[in-house]
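Engineer: return atomic coordinates for the entry below.
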Amino acid sequence: MRDAHSQTFSSQTEIDRYAAQQTARAAAELSHLQTAGELLAFLMDDTTLTAPASILCRQIQSQDGLVSKVVRANLRQSGGVFWPDEAVSKATAELSSISCSRHGLMISPSQWERYLLGDLLQWLRRDTILQLALVTGMSRKTTIDLLMACGQAPYQLQRPLELICWFCQCIPNVIFTWRDVERLLDMYGKIAAEENKSVKSEQKKSAGTVSLLLDWSVDEILGIGDPEAEGERALMELMVQNCTKTGAFSRTARSAYLRFLEYLNVLEFPERPADLLEWTGGMVDQQTQRTLFRKRYHVWASGICSGFADVDRRDVLLLGYVLIDGYMSAEKAGREIFLAMTKNGGRTDRCMAQIGKDLDALCPDADVKERQVLYCRVLDQLLAEFGFHAFYPPAAFDRFVLLSLLVGHPVWSFRHLPEERHGQKRNEK
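Structural biologist: Predicted coordinates for the structure are as follows:
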C-alpha cells in the first residue's frame, strides 16, 4: 500500500470533488440572481435545467458504434436539445436490440422512447440509471451528471454494484457490458460469503478495512498486468474490504431518518405521537399532491423505517420541504418541543439545533431572495447530515422543492417540471 502522505486522491474523493464543483457552479449562478423577478424567472425556465434526457441523447449521438451511421446522421440533422419524435423512433429499435443482445437487458423500444423524450428519467431507480450509462458507454463524469440531473447522489462506492460500474468505466480499451457487471457482482457475492465463513477476529477485520479507497485509486489498483484478469482480482479484494453486503442499507442514515421523523411529528402533532401513515398521508401526500418519485410515500417511508429500503437524496429534500413548511406554520407548543429536542445531544439533534436558528430567521413576509438563501441553507445542512451533495438547482426535483417553498403552492410549481409539460404536449397531439 502506498505512502499515507501521498497526494493521490481516493476514488470517492474524486467523485465528491466533481459533485462539489458542479454544485458550487450551480450555487454561484443562483446567488447572482438578486431580485424576486430574476429568481422566479430562472426557476421557471426549463432551459436552465440539466435535463436527464438531454444528457442521454447527447451521449447516444456522440458515441461511435453505438447505433448505425444512418441513425446517427438522422439524429445530428434533427438538432435541438431533445430529438423530435420521428428521430427518436429511428433510434429506439436499435437501442433495444443492443440492450438485449449485448447487455442482456430487456429494454423495449417504447421504454427507450420514453427515456429519450424525458418521460421516465426523473423516476428511475439508481440501478436502472447505471444500466443506461453502461449501455450507452458513458464516462464516469457523464454518469455522475446523469445521476445528479435525476436528483440522485453520485456513485456510492460502498455499494458493490456501483463500485463494479465505476471499475467497468475506467479500464482503457476494454468494453464491459451489463452482463459483465452481473458476473462480477455474482463473483463478489460468492467471495464475500466465503469470507464471512472464515474465522477472523473483529480486530483483524477492522485492521483489514483500513480503506483501500482512502489510499489507492481504483485506476491504480487496476493498472497492473492484464486488465481483465488482474484488474478483476484486485477489484474483488477491494470490494471485500470496503463494500457493505449486497442489499444492506445504511444504519446511520436510517437512524437519522427516524429522528428526522420525530422532529416533523412534534410540529404537526405536538400533543401526541402520530403513526407514520397519519402524518405522511397529510403532511407529504396532501401538501405536494404527490411526491413525484413516490406516489404513496408512507409505503416507501415504512420500508426505510423497517430497514428494507435506503434513504434516497430526494427523501431528504422532500422532508426538508415538510420541515420548513411545518415549522413556519407550527404553533408555539410545537416549536418549543422541537427546540427542546435539539438539546438531547445526538448527531441529528446537533444538526437540528443549527437548522433551528435558520428556521427562526424565516419570515413569510421576508424578501424572496432572503427566503431563498435561508431555504437553501437549511436544505444544504440536511443533505450534508445524510452525506449527500448540496442543493443542486439544475436538477428538476431540487428546483421543484425550492420553487414550492418560494411560491407556497406545490401544485402550481409542479407544472414547471419539464417532464410534465412535455408529457402534456404529447398527450394533446
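
Engineer: does Gly151 belong to a helix, a strand or coil?
Structural biologist: In three-state terms, and counting by DSSP: H, G, I helix; E, B strand; the rest coil, Gly151 is coil.

Engineer: and it, what pLDDT?
Structural biologist: In this model, Gly151 is scored at 90, pLDDT.

Engineer: any idea how far the nearest residue to it once chain neighbours are set aside is from Pro52?
Structural biologist: Nearest residue to Gly151, sequence neighbours excluded (Cβ to Cβ, 6 or more residues apart in numbering): Phe397, at 3.7 Å. Every residue, glycine included, has its C-beta placed from N, CA and C. Separation of Phe397 from Pro52 (Cβ to Cβ, to the nearest Å): 11 Å.

Engineer: likewise for Ala256?
Structural biologist: 27 Å.

Engineer: who has more neighbours, these two?
Structural biologist: Pro52 (28 against 21; other Cβ atoms under 10 Å).

Engineer: was I right to think the more buried one contacts Cys150?
Structural biologist: Yes: at 5.1 Å, Pro52 and Cys150 qualify as touching, with contact defined as Cβ atoms under 8 Å.

Engineer: give me the nearest residue to Gly303, chain neighbours excluded.
Structural biologist: That would be Ala309: by Cβ to Cβ, 6+ apart, it lies 3.5 Å from Gly303.

Engineer: Ser89 contacts Glu113, correct?
Structural biologist: Yes: using Cβ under 8 Å, Ser89 is in contact with Glu113, at 7.0 Å.

Engineer: looking at the two, which is more packed in?
Structural biologist: The neighbour comparison of Ser89 against Glu113 (other Cβ under 10 Å) goes to Glu113, with 19 against 14.

Engineer: now for the residue nearest the centre of the chain: which residues touch it?
Structural biologist: Among the residues of the chain, the one closest to the centroid is Gln152, at 1.0 Å (Cα atoms, centre = their mean). Listed by Cβ atoms under 8 Å, 6 or more residues apart in numbering, the contact partners of Gln152 are Arg126, Ile129, Asp312, Arg313, Arg314.

Engineer: at 7 Å instead, please
Structural biologist: Residues near Gln152 by Cβ atoms under 7 Å, 6 or more residues apart in numbering: Arg126, Ile129, Arg313.

Engineer: one more: Gln131?
Structural biologist: Neighbour list for Gln131: Leu105, Trp178 [criterion: Cβ under 7 Å, 6+ apart].

Engineer: same thing but at 10 Å, please
Structural biologist: Ser99, His103, Leu105, Ile107, Leu124, Arg125, Cys165, Trp178, Val181 (Cβ atoms under 10 Å, 6 or more residues apart in numbering).

Engineer: from those, pick the one nearest Leu39.
Structural biologist: Nearest to Leu39, judged by Cβ to Cβ, of these is Leu124 at 29.3 Å.

Engineer: so what does the closest one have for phi and psi?
Structural biologist: phi -80, psi 150 (degrees, to the nearest 10).

Engineer: how close does it sit to Gly151?
Structural biologist: 10 Å.

Engineer: can you check Ala26 too?
Structural biologist: 13 Å.

Engineer: those two: which is more packed in?
Structural biologist: Gly151 (24 against 20).

Engineer: just checking, Val378 touches Asp325?
Structural biologist: No: taking contacts as Cβ atoms under 10 Å, Val378 lies outside contact range of Asp325: 11.2 Å.

Engineer: quick check: neighbours shared by the two?
Structural biologist: Leu405.

Engineer: give me the neighbour count for the residue nearest to Gly151.
Structural biologist: Phe397: 22 neighbours (other Cβ under 10 Å).

Engineer: okay, and for the chain, where does confidence drop off?
Structural biologist: Where the chain drops to pLDDT under 70, the residues are 1-9, 74-85, 119-122, 171-174, 198-229, 244-248, 274-296, 409-429.

Engineer: neighbour-wise, which one of the contacts of Gln152 leads?
Structural biologist: Within these, neighbour counts (other Cβ under 10 Å) peak at Arg313, which reaches 24 neighbours.

Engineer: that residue - nearest residue in space that isn't next to it in sequence?
Structural biologist: Spatial nearest neighbour of Arg313, chain neighbours left out: Phe388 (4.5 Å); criterion: Cβ to Cβ, 6+ apart.

Engineer: kindly export stretch 317-324 (C-alpha atoms) in PDB.
Structural biologist: Extracted C-alpha coordinates of stretch 317-324, given in PDB (Å, rounded to 0.1, in the frame of the first residue of the first chain):
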ATOM      1  CA  LEU A 317     -35.300  17.200   0.000                       C
ATOM      2  CA  LEU A 318     -38.900  16.200   0.400                       C
ATOM      3  CA  LEU A 319     -38.800  16.100   4.200                       C
ATOM      4  CA  GLY A 320     -36.800  19.300   4.100                       C
ATOM      5  CA  TYR A 321     -39.700  20.900   2.400                       C
ATOM      6  CA  VAL A 322     -42.100  19.500   5.000                       C
ATOM      7  CA  LEU A 323     -39.800  20.700   7.800                       C
ATOM      8  CA  ILE A 324     -39.600  24.200   6.600                       C
END
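
Engineer: centre of the chain to that stretch, how far?
Structural biologist: 16 Å (Cα atoms, centre = their mean, to the nearest Å).

Engineer: how about the helices of the stretch 1-150 of the chain, start to end?
Structural biologist: 11-31, 36-43, 52-62, 69-78, 85-103, 109-116, 126-135, 140-149 (DSSP state H, counting those that start in this stretch).

Engineer: how far off helix 85-103 does the third one point, in degrees?
Structural biologist: Direction vectors for helix 52-62 and helix 85-103, defined by axes from the mean of the first three to the mean of the last three Cα atoms, to 10 degrees, enclose an angle of 70 degrees.

Engineer: again with the second one
Structural biologist: Compare the direction of helix 36-43 with that of helix 85-103 by the same axes, to 10 degrees and you get 50 degrees.

Engineer: quick one: contacts of helix 36-43?
Structural biologist: Helix 36-43 is touched from outside by 29-30, 32-33, 35, 48-49, 367-369, 371-372, 393, 399-400, 402-403, 406-407, 413, 416, with contacts defined as Cβ under 10 Å, 6+ apart.

Engineer: ok, back up a step: which residues do Ala26 and Gly151 both contact?
Structural biologist: In contact with both Ala26 and Gly151: Tyr392, Ala395, Asp398, using Cβ under 10 Å, 6+ apart.

Engineer: skip the chain neighbours and tell me the closest residue to the last one.
Structural biologist: Nearest residue to Asp398, sequence neighbours excluded (Cβ to Cβ, 6+ apart): Tyr392, at 5.0 Å.

Engineer: helix, strand or coil for that neighbour?
Structural biologist: coil.

Engineer: of the contacts of Gln131, grab the buried ones for PyMOL.
Structural biologist: Per 16 or more other Cβ atoms under 10 Å, the buried members of the contacts of Gln131 correspond to this PyMOL selection:
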select buried, resi 99+103+105+107+124+165+178+181
